[in-house]
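Colleague: my questions are about this predicted structure, shown below with the sequence.
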Amino acid sequence: MKKSLLSINTMLLLAVIAYLGYQHVKPQKIHEELKAERLSIVGPDGNLYIAISNPEQQALATTHGVPHFPNSKRDLPGLIFFNRVGDEVGGIYYDGTDDESFAGITFDQQKNDQILAIMKDEYKDGDDWKRWYGMFLRERHDSIKMEDAWKDYKEDSKGLDGKEKQEVYTRWKAKVDATINVYRMFLGREASKNVGLFLYDSKGRQRIKVYVDSLDTPRITVLDSLGKSIHLEQSLSQ
């Protein structure tokens with residue numbers, strides 16, 4: 001009886017080993033296509049790391065997992081990146097129509113919005129196409145958050161429409177560009193077809209342009225704080 005039980009156990013053990021070996025060496029099934037409106041890559045604790053999505057299901061920007069604007073419209077397909085504490089830290093976006101095409105990859109400042117980006121935009125202007133593309137650097141203050149500024153705009157423009165709302169936005173954007181979303185460098189092609197390096201000061205004012213213009217003429221322009229061109233020799237001596 002003991003010998004029969006031992007034989008049965010041995011056979012079962014060999015069968016299990018054979019099955020596991022077969023599972024290990026058999027060809028893995030490859031799916032030709034997966035369809036989903038959104039794919040979320042999460043950690044063992046459920047923390048979201050990457051969201052790959054269509055426009056309607058796209059993840060929202062968050063800090064510690066809390067959306068900045070929970071009621072905002074989701075309108076861009078792409079990939080959104082998050083760190084292990086639930087902060088959105090950048091991503092890849094793209095979209096377009098027959099009259100416009102744009103895309104970019106962005107990287108955010110800690111607990112803030114983007115400071116490094118590679119972007120491109122093409123749009124129809126009458127019968128012509130305007131195109132700009134290149135790399136941007138921005139400067140942001142740690143004490144001023146973009147989501148707080150956006151909340152201020154929402155509050156100031158509440159109940160407004162048309163021209164009045166546009167005027168509020170224009171003033172808000174000018175303030176943001178001078179204090180929060182300050183451009184410091186652009187390397188690339190402008191819509192004017194100038195191609196080169198464009199440097200800005202800490203207030204977002206363009207100060208140096210080194211570029212080749214649309215007529216293939218190389219140019220170096222130095223500007224003062226009011227945007228007035230000054231001689232290169234004078235600027236170097238100041």
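Modeller: Done, it's in.
Colleague: next one: whatever helix or strand Leu199 lives in to chain centre, how far?
Modeller: Element membership for Leu199 (DSSP states H and E) is strand 195-200. Taking the mean of its C-alpha atoms, strand 195-200 sits 21 Å from the chain's own mean (CA atoms, centre = their mean, to the nearest Å).
Colleague: ok, the closest residue to Lys165 other than its chain neighbours to Thr170 distance?
Modeller: In this structure, Lys165 finds its nearest non-sequential neighbour in Ser157, 5.1 Å apart by CB to CB, 6 or more residues apart in numbering. C-betas here are computed from N, CA, C, even on glycine. Counting by CB to CB, to the nearest Å, the gap between Ser157 and Thr170 amounts to 11 Å.
Colleague: and those two? Which one has more around it.
Modeller: A count of neighbours by other CB atoms under 10 Å puts Ser157 above the other of Ser157 and Thr170, at 16 against 10.
Colleague: what segments of the chain are helices?
Modeller: Taking DSSP state H to define them, one finds helices in the chain at 2-25, 146-156, 162-179, 232-237.
Colleague: where among these is average confidence lowest?
Modeller: Comparing mean pLDDT across those, the lowest value falls on helix 232-237: a mean of 50.
Colleague: re earlier: could you measure the residue nearest to Lys165 against Tyr169, distance?
Modeller: In terms of CB to CB, Ser157 sits 7 Å off from Tyr169.
Colleague: got a list of what the spatially most central residue of the chain touches?
Modeller: Central residue of the chain (CA atoms, centre = their mean): Thr106, 3.3 Å from the mean position. By CB atoms under 8 Å, 6 or more residues apart in numbering, the contact list for Thr106 reads Gly90, Gly91, Ile92, Tyr93, Gln114, Leu116, Ala117, Met119.
Colleague: how does it look with 6 Å?
Modeller: Thr106 makes contacts with Gly90, Gln114, Ala117, as judged by CB atoms under 6 Å, 6 or more residues apart in numbering.
Colleague: can you redo those as JSON lines with neighbour count and distance to Gln206?
Modeller: Formatted as JSON lines, the contacts of Thr106 follow (neighbours: other CB atoms under 10 Å; distance: CB to CB, whole Å):
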{"residue": "Gly90", "neighbour count": "20", "distance to Gln206": "25"}
{"residue": "Gln114", "neighbour count": "20", "distance to Gln206": "20"}
{"residue": "Ala117", "neighbour count": "16", "distance to Gln206": "18"}
